[in-house]
Every structure is written in structure tokens, then in C-alpha cells.
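[1] Got a sequence here, can you model it:
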Amino acid sequence: MSENLTKRVVGKTRQGIPEKSDTQETIKQDTDITLGEPVDNSQALQEKELLGKILVICRDFSSISFYRKVVKELPRFKILSALSQVKEAQALGRVRKNAGAMFTDLIRR
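    All right, here's what the predicted structure looks like:
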């Protein structure tokens, strides 16, 4: 009689668990899709950081599209050099029009 109880319990606990032969292997497909050129996130972060520095120092938010273009096209050292000169001129009170105009003038030279 104890054999019948054991078979019933074991039979009930196995319900819902498929046998290995009933399962299928899943193969992960390589679905990496790249549209255009891949963007280097570190470069994008550096560009945003540099743009932020320009905006903080120059305080000229109306020229943000020009500053974005400058950050993308000019070397970082040239931009940092111009920003340094603008900061120095601000500290000495030598900015004639505004810091944005001075930065633009220095970049175009």
C-alpha cells in the first residue's frame, strides 16, 4: 500500500516539468545593427563637456549652435587655449564687448 502512495506523489510532482527531449536548444542570433558610423561615447562626452565649459565662460547661449560646430571641427587644445585667454581677460577686466565675441574672435584667428 505504501508503494501506491509513493507513486502518486512522485507522479504529481513531475507534472509540468518537461523531459529534456521535449525542450529545444536556443541559439542566440547576432543582431547588432549599426546605422551610419558608430559613435564613440567617450568622444561625445568630451564634446559635451567642452561645450559646457564654453557656455559657462562665455555666457552666450544664443550662439550655442556655433559653439557646437566649433567643438566638432576644431582641435581641443585650440579651444582650451582660447577659453584660457578669455578667462584671463575677464579677470583683468579687458573684455570689450562680451566674452562670447572675444572667444569667437580668438577661434577665427
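
[2] in the protein, which spans are helices?
    Secondary structure of the chain (DSSP state H): helices located at 2-13, 41-58, 64-73, 76-92, 99-108.

[3] Now do the buried residues in the fourth one.
    Buried positions in helix 76-92, judged by neighbour count with 16 or more other C-beta atoms under 10 Å: I79, A82, L83, V86, A89, Q90. C-beta: built from backbone N, CA, C; applies to glycine.

[4] Equivalent analysis for the second one, please.
    In terms of neighbour count (16+ other C-beta under 10 Å), helix 41-58 has its buried residues at L50, L51, K53, I54, I57, C58.

[5] Over to the third one?
    Taking 16+ other C-beta under 10 Å as the basis for neighbour counts, the residues of helix 64-73 that come out buried are Y67, V70, V71.

[6] and the second one, what does it touch?
    Applying C-beta atoms under 8 Å, 6 or more residues apart in numbering to V70 gives the contacts I54, I79, I107.

[7] Looking at those, which one is closest to S62?
    Set against S62, the nearest of these by C-beta to C-beta is I54 (12.8 Å).

[8] separation between V70 and I54?
    Distance of V70 to I54, given as C-beta to C-beta, to the nearest Å: 8 Å.

[9] Overlap in contacts, those two.
    With C-beta under 8 Å, 6+ apart, V70 and I54 have common neighbours I79.
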